[in-house]
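Visitor: 3D, please:
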Amino acid sequence: IGGVIQILFGIGRLGIIGYFFPSSVIKGMLTGIGIIIILKQIPHFFGMDEDPEGDFAFLQLDGENTLTELLKAFNALISGNISMGATLVAIIAMAILLLWSNVLSNKGKIFTLIQGPLVAVAVGIIFYLFTKDSSLAITQDHLVKVPVPQDFDSFLGQFSFPNFASIGKTE
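Guide: Numbering: from 1, shown residues only. Predicted coordinates for the structure are as follows:
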């Protein structure tokens, strides 16, 4: 629905509406969202992800909240109970992302054609493949679980359409 609205606004030349919002408001909102995302990802950075998908709400389903999760991650870091493999991959990926966009993108055309996030994912996969049998191995509970369809019907079964019947309901 959001994409349809954007297309309609583009056709109607309604992009001018953006000029009515001060850029400081937009930057502040995006900064707030970024801070929330960073705070939610810190426990995953150290491999503290009993709930790998995470909870988007401040008060989580497991009785924790964002601050208690951060406290648990900090205590795990102090006591040395972090996943070194997950932490090392996170540090390497962050270094790639920062260097790619801030340093390497100015060094050559290849660094603008190939995006840093793609390189970070590829390096993470290579790290996993080379450290499977070492102390830095990333355990199965830290890996992304991608459904693999057995046939074409199960492939199509992975997709669903939005339930438009819910629009307008107040429950």
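
Visitor: quick one: neighbours of residue 114, just the number.
Guide: When neighbours are counted by other Cβ atoms under 10 Å, residue 114 registers 12. Backbone N, C-alpha and C define where each C-beta goes, glycine included.

Visitor: surely residue 96 touches residue 122?
Guide: No. Contact criterion Cβ atoms under 8 Å: residue 96 and residue 122 do not qualify, at 9.4 Å.

Visitor: those two - which one has more neighbours?
Guide: Higher neighbour count among residue 96 and residue 122: residue 96, with 20 against 12, using other Cβ under 10 Å.

Visitor: residue 38 versus the more buried one, what's the distance?
Guide: Applying Cβ to Cβ, to the nearest Å, the value for residue 96 to residue 38 is 17 Å.

Visitor: again, but for residue 106
Guide: In terms of Cβ to Cβ, residue 106 sits 26 Å off from residue 38.

Visitor: then residue 95?
Guide: From residue 95 across to residue 38, the span is 16 Å (Cβ to Cβ).

Visitor: next SSE downstream of the longest helix seen in the chain?
Guide: Secondary structure of the chain per DSSP state H: the longest helix is helix 23-45. Sequence-wise, the next helix or strand beyond helix 23-45 is helix 66-79, with elements assigned using DSSP states H and E.
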